[in-house]
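[1] What follows is a predicted structure for the sequence shown.
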Amino acid sequence: MGASTHYDVIVIGTGAGGGTLAHRLAPSGKRVLLLERGGFLPRERDNWDSTAVFVKGKYRAPEFWLDAHGREFPPEVNYYVGGNTKFYGAALFRLRPEDFGELRHHDGVSPAWPIRYEDLEPYYTQAEHLYLVHGRHGEDPWEGPVSGQYAYPPVEHEPRIQQLSDDLEKQGLHPFHLPIGVNLSQDDSGRATRSSVCIRCDRVDGFPCLVRGKSDAQVICVEPALRYPEVELVTDAHVVRLETGPDGRSVSTVVARLAEDEEVRYSADIVVVACGAVNSAVLLLASANDQHPRGLANSSDVVGRYYMRHNNLALMAVSKEPNDTLFQKTLALHDWYLGADDWEYPLGGIQMLGKSDAEQIHGEAPRWAGAVTPDMPFEVMAHHAVDFWLCGEDLPQPDNRITLDGDGRIHLALDESNNIAGLTQLRHKLQHMLGHLGMHEHHLLSRSIYLHKGMPIGATAHQAGTVRFGDDPATSALDVNCKAHDLDNLYVVDTSFFPSIGAVNPSLTAIANALRVGDHILERLG
């Protein structure tokens with residue numbers, strides 16, 4: 001493609017934001033170019049191998065970022081068509097209505113959004129249907145109002161998780177079926193039917209799906225979009241900078257580096273950045289020029305700031321009875337999402353993780369050597385493991401930020417103690433219930449291997465907030481349609497736009513917002 005190649009829209013990134021936006025634009029007849037830094041993920045047996053995926057990090061990007069002290073760490077990022085959705089757990093929650101307003105936490109305030117839950121609600125329903133989300137609205141008493149039921153019934157609990165659900169209800173709590181995006185058909189007993197794409201295996205969480213049964217952006221959005229002749233995809237195209245025209249008011253050129261350092265230049269009426277919260281900020285900062293000395297869309301100096309990634313804990317309890325569950329990720333609990341009788345601030349949510357296996361247990365062995373009884377070998381522990389994910393809100397702080405040094409290396413400054421009191425309370429809630437849930441009361445062990453060997457700063461899967469949207473150009477980079485205040489044709493549609501992150505997985509909100517912004521762009525293009 002030569003320098004004269006011009007498109008109606010260029011979308012940089014093919015994950016939950018960029019891939020979904022391309023899907024929305026594809027039927028319009030407009031010329032759309034997708035640029036993806038990576039290639040297609042190879043389909044191979046290692047896709048489902050715990051040692052390859054978790055212990056060795058085979059598919060993780062071979063790069064290191066630097067923390068505030070200049071120490072290197074491996075970030076949890078993957079560069080493939082579909083972005084990080086190739087590895088996400090497909091837990092597709094809506095933010096609560098309260099998350100769109102100002103919320104006071106133990107350590108500060110979660111700011112209000114410039115839009116309300118009601119503004120995004122129709123797009124949440126569309127997103128749930130598009131990504132084949134299985135669930136049942138109405139089970140969670142604290143969810144917001146909905147305009148449409150899930151198009152697919154919830155994934156049925158296997159016996160041990162059904163028992164857990166029953167035991168939680170006996171405690172006066174309100175467990176509900178976790179909303180999850182899978183291409184699954186179930187028979188009357190909850191097993192996958194012969195025609196089902198998803199086979200209800202134990203590889204749903206953190207693994208790429210070999211059988212294409214998980215609703216990732218490649219399968220759901222990018223490949224269907226490419227069926228339209230006006231939509232093109234260039235892989236292994238690392239966009240290194242955006243250039244502006246003489247007046248500095250619009251992006252004139254997208255500069256990408258292909259294989260063997262070949263540089264290619266593209267242009268479009270509209271340019272959309274969707275590289276992930278860190279790399280979208282990096283691209284805007286790296287595109288500084290005379291008209292935009294602090295980087296594109298950055299007259300407010302917020303680009304790269306207010307980085308959030310949730311306060312997460314991956315925990316493994318040990319069941320007194322064996323846990324033969326394969327597809328474990330079917331249950332969630334939000335009773336303390338906004339507070340508790342003994343804690344006035346939000347705690348967050350609990351949900352199930354994918355099932356631990358022997359390889360993951362062995363990977364943790366040195367850390368757990370003194371934490372388990374001698375008569376419980378690791379293989380036995382794996383058979384009795386019940387795995388939980390605790391998610392608390394991380395508050396936006398201006399000094400939690402991404403910067404670039406003179407060599408172009410990424411620096412991430414992060415206060416890892418930010419607002420962890422609520423998550424600590426949530427862990428205590430779970431710990432104190434273990435005996436009533438048929439589990440050993442003192443065996444609640446951190447699964448740090450799930451968070452890349454216990455380096456919280458490297459756990460970037462839920463990254464958000466670095467190019468926040470808002471009504472005031474002095475305090476935000478984007479307007480309510482996710483267009484840069486400073487430029488006429490630049491949009492950002494990944495999780496960068498979040499002014500706060502709530503305490504649920506951010507993917508569905510990114511997907512719904514991409515559909516919303518897609519409608520705006522289509523209207524603008526006419």
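    Yep, it's here. The structure displayed is predicted, hence computed values, not measured ones. Residues are numbered from 1 along each chain as shown.

[2] Residue 189: neighbour count?
    6 (other CB atoms under 10 Å). Any C-beta I mention is one placed from the backbone N, CA and C, and that applies to glycine too.

[3] how about the closest residue to it other than its chain neighbours, what does it touch?
    Computed as CB to CB, 6 or more residues apart in numbering, the closest residue to residue 189 that is not its neighbour in sequence is residue 156, at 7.9 Å. Each residue near residue 156 by CB atoms under 8 Å, 6 or more residues apart in numbering is listed here: 186, 189-190, 330.

[4] now those: which count as buried?
    Neighbour-count burial (16 or more other CB atoms under 10 Å) applied to the contacts of residue 156 gives 186, 190, 330.

[5] Give me the local confidence score for the residue nearest to residue 302 when sequence neighbours are not counted.
    Nearest residue to residue 302 in three dimensions, chain neighbours excluded: residue 477, at 5.3 Å (CB to CB, 6+ apart). For residue 477, the model assigns a pLDDT of 98.

[6] biggest helix in this structure by residues?
    For the chain, the helix with the greatest residue count under DSSP state H is helix 507-525.

[7] got the residue ranges for the helices in the stretch 401-526 of the chain?
    Assigned by DSSP state H, counting those that start in this stretch, the helices in the stretch 401-526 of the chain fall at 421-433, 507-525.

[8] and what of the stretch 201-350 of the chain?
    Counting by DSSP H, counting those that start in this stretch, the helices of the stretch 201-350 of the chain are 217, 223-225, 277-286.

[9] angle of the last one against helix 507-525?
    Same thing as helix 277-286. Going by axes from the mean of the first three to the mean of the last three CA atoms, to 10 degrees, helix 277-286 is angled at 40 degrees with respect to helix 507-525.

[10] what does helix 277-286 contact?
    With CB under 8 Å, 6+ apart as the criterion, helix 277-286 contacts 12-13, 37, 65, 75, 77, 239-242, 273-275, 294-298, 303-304, 307, 402-404, 408, 410, 412, 460, 463-467, 477, 492, 494-496, 498.

[11] Could you pick out the buried ones from the residues you listed?
    Buried members of the contacts of helix 277-286, scored by 16+ other CB under 10 Å, are 12-13, 37, 65, 75, 77, 239, 241-242, 273-275, 295-298, 303-304, 307, 402-404, 410, 412, 460, 463-467, 477, 492, 494-496, 498.

[12] Tell me how far the residue nearest to residue 302 lies from residue 255.
    The gap separating residue 477 from residue 255 is 21 Å, by CB to CB, to the nearest Å.

[13] Likewise for residue 201?
    Distance, residue 201 to residue 255, using CB to CB: 42 Å.

[14] Mind checking what helix or strand follows the worst-scoring helix or strand of the chain on mean pLDDT in sequence?
    Ranking every helix and strand in the chain by mean pLDDT, DSSP states H and E puts helix 358-368 at the bottom, with a mean of 68. Downstream of helix 358-368, the next assigned helix or strand under DSSP states H and E is helix 378-384.

[15] Pull out the buried positions in that following helix.
    378, 381-384.

[16] just stretch 117-132 next, same as before
    Across stretch 117-132, burial judged by 16+ other CB under 10 Å covers 117, 120-128, 130-132.

[17] Just give me how far it sits from the chain centre.
    Distance of stretch 117-132 from the chain centroid (CA atoms, centre = their mean, to the nearest Å) equals 16 Å.

[18] ok, residue 361 - contacts?
    Residue 361 sits in contact with 368, 378-379, 381-382, 385, where contact means CB under 8 Å, 6+ apart.

[19] try it again with 7 Å
    Neighbour list for residue 361: 378, 381-382 [criterion: CB atoms under 7 Å, 6 or more residues apart in numbering].

[20] does residue 264 really touch residue 254, like I thought?
    No - with contacts defined as CB atoms under 7 Å, residue 264 does not count as touching residue 254, sitting 8.9 Å away.

[21] The two: who's more crowded?
    Neighbour count, other CB under 10 Å: between residue 264 and residue 254, residue 254 has more, with 25 against 17.

[22] out of the helices of the stretch 201-350 of the chain, deepest packed?
    Comparing these by mean neighbour count (mean count of other CB atoms under 10 Å), helix 217 comes out on top with a mean of 33.

[23] Is there a neighbour count for the residue nearest to residue 197 when sequence neighbours are not counted? I'd like the number.
    Closest residue to residue 197 apart from its sequence neighbours, by CB to CB, 6+ apart: residue 183 at 4.0 Å. Burial of residue 183 is recorded as 19 neighbouring residues (other CB under 10 Å).

[24] Start from the N-terminal end of the stretch 51-200 of the chain and give the strands.
    Assigned by DSSP state E, counting those that start in this stretch, the strands in the stretch 51-200 of the chain fall at 65-67, 72-73, 103-105, 108-110, 133-134, 176-177, 180-181.

[25] which strand is the longest one in the chain?
    Looking across the chain with DSSP state E, the single longest strand is strand 263-273.

[26] Would you check the distance separating it from the middle of the chain?
    Here the centre of strand 263-273 is set off from its chain's centre by 25 Å, with CA atoms, centre = their mean.

[27] Stretch 258-274 now?
    The answer for stretch 258-274 is 24 Å, by CA atoms, centre = their mean.

[28] now this structure, which segments are flagged as low pLDDT?
    Residues of the chain that meet the criterion pLDDT under 70 lie in 1-4, 363-375, 442, 448-455.

[29] and if we set it to 50?
    Where the chain drops to pLDDT under 50, the residues are 1-4, 452-454.

[30] so where do the strands sit in the stretch 401-526 of the chain?
    So, for the stretch 401-526 of the chain - with DSSP E, counting those that start in this stretch - the strands run 401-404, 410-413, 439-446, 490-492.

[31] now residue 384: how far from residue 355?
    Residue 384 sits 11 Å away from residue 355, going by CB to CB.

[32] again, but for residue 270
    Using CB to CB, we find residue 270 at a distance of 44 Å from residue 355.

[33] residue contacts, residue 467?
    Taking CB under 7 Å, 6+ apart as the criterion, residue 467 is in contact with 280-281, 284, 297, 303, 477-478, 492, 496-497.

[34] Now with 6 Å, please.
    280-281, 303, 477, 492, 496 (CB atoms under 6 Å, 6 or more residues apart in numbering).

[35] can you pull out the strands in the stretch 201-350 of the chain?
    Using DSSP E, counting those that start in this stretch, strands in the stretch 201-350 of the chain cover 231-234, 238-244, 251-257, 263-273, 311-319, 331-333, 349-352.

[36] Where does residue 388 sit: helix, strand or coil?
    Of the three states, residue 388 takes strand according to DSSP: H, G, I helix; E, B strand; the rest coil.

[37] What about it, how many residues nearby?
    The number of residues packed near residue 388 is 22, by other CB under 10 Å.
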